[in-house]
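# Build me a model:
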Amino acid sequence: MLIKFLRATKRNWDSLVSFLRLLVPRCLGLRTGNGVRVGRGLNWPLGNVRNIQLDENVVLGKHGWFYLPLQNRTARIHIGAGTAISDYFTISANESIHIGKNCLISFRVSILDHDHVTGLEINPVTSGIAKGEPIEIGENTFIGTGVVIMRGVKIGRNCVINANSVVMRSFEDNCIINGSPAKVVMMVGPAVK
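Numbering: from 1, shown residues only. So this is what the prediction gives:
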């Protein structure tokens, strides 16, 4: 009985704290569903926060970073219902990033739909970012620690991306992906109960 009470109290406290952390971004246009929980220290984009949509029951860990260029009013980030993203994530869009429902994304994951402009005699500090290519991550996908997902990638449903992989091309449904550059190491079979 006491444990149930303590769990309910913690759940209510977490909801209140998340509501307060989301108050200013919501006033600036952030679209969220019910039950969204966020950790402390999230960095929201200055002017384009209205281009981010968090569906119901999304959980964001602490010290994450969203980036949408201020001059690009069409860039979008959408995170599907029930998705949980751990601490120290980076999600940066110059076109669009769509993360499906019920995904689990581990800590220190970077999802970038663009590159940085580089080349001979180009100052990388002031050169800016290149045009984005959409990223799509399918439902029920698990992304391990330290994964980097680059522009133009489409990851199918029910995939597993192993830790520290660099994903630079698209993969179909039900793949286990590993390596730098990432490649399919196995197909996911039906769940064993």
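# So what pairs up with the residue most central in space within the chain in the strands?
Nearest to the geometric centre of the chain sits Ile91, at 5.3 Å (CA atoms, centre = their mean). When bridges are called by DSSP bridges, Ile91 pairs up with Phe66, Ile111.
# And the pLDDT at it?
The score at Ile91 is 97. That number is its pLDDT.
# Send over stretch 79-87 as PDB, restricted to the C-alpha atoms.
C-alpha atoms of stretch 79-87 as PDB (Å, rounded to 0.1, in the frame of the first residue of the first chain):
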ATOM      1  CA  ILE A  79       8.300  12.200 -32.400                       C
ATOM      2  CA  GLY A  80       5.700   9.500 -32.300                       C
ATOM      3  CA  ALA A  81       3.600   8.400 -29.300                       C
ATOM      4  CA  GLY A  82       5.200   6.300 -26.600                       C
ATOM      5  CA  THR A  83       8.800   7.000 -27.800                       C
ATOM      6  CA  ALA A  84      11.400   7.400 -25.100                       C
ATOM      7  CA  ILE A  85      14.700   9.200 -25.700                       C
ATOM      8  CA  SER A  86      17.500   9.000 -23.100                       C
ATOM      9  CA  ASP A  87      19.900  11.700 -22.000                       C
END
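# Contacts for it, please.
Stretch 79-87 is contacted by residues 33, 39, 53-64, 98-109, 139 when judged by CB atoms under 8 Å, 6 or more residues apart in numbering. Quick note: C-beta positions are derived from backbone N, CA and C, even for glycine.
# Kindly recompute the last result at 6 Å.
54-63, 99-107 (CB atoms under 6 Å, 6 or more residues apart in numbering).
# cool, and stretch 41-55?
25, 28-33, 36, 62-68, 70, 75-81.
# show me what contacts the closest residue to Met187 other than its chain neighbours?
Nearest residue to Met187 in three dimensions, chain neighbours excluded: Asn174, at 5.4 Å (CB to CB, 6 or more residues apart in numbering). Going by CB under 6 Å, 6+ apart, Asn174 touches 158, 187-188.
# One more: Phe142?
Phe142 neighbours (CB under 6 Å, 6+ apart): 104, 160.
# can you tell me how far it sits from Asn162?
9 Å (CB to CB, to the nearest Å).
# what's the burial count for Ile105?
Ile105 sits with 26 neighbouring residues when counted by other CB atoms under 10 Å.
# any idea how far Val24 is from Val166?
If you go by CB to CB, the gap between Val166 and Val24 works out to 34 Å.
# So for these two, which residue has more residues nearby?
Per other CB under 10 Å, whichever of Val166 and Val24 has more neighbours is Val166, with 15 against 11.
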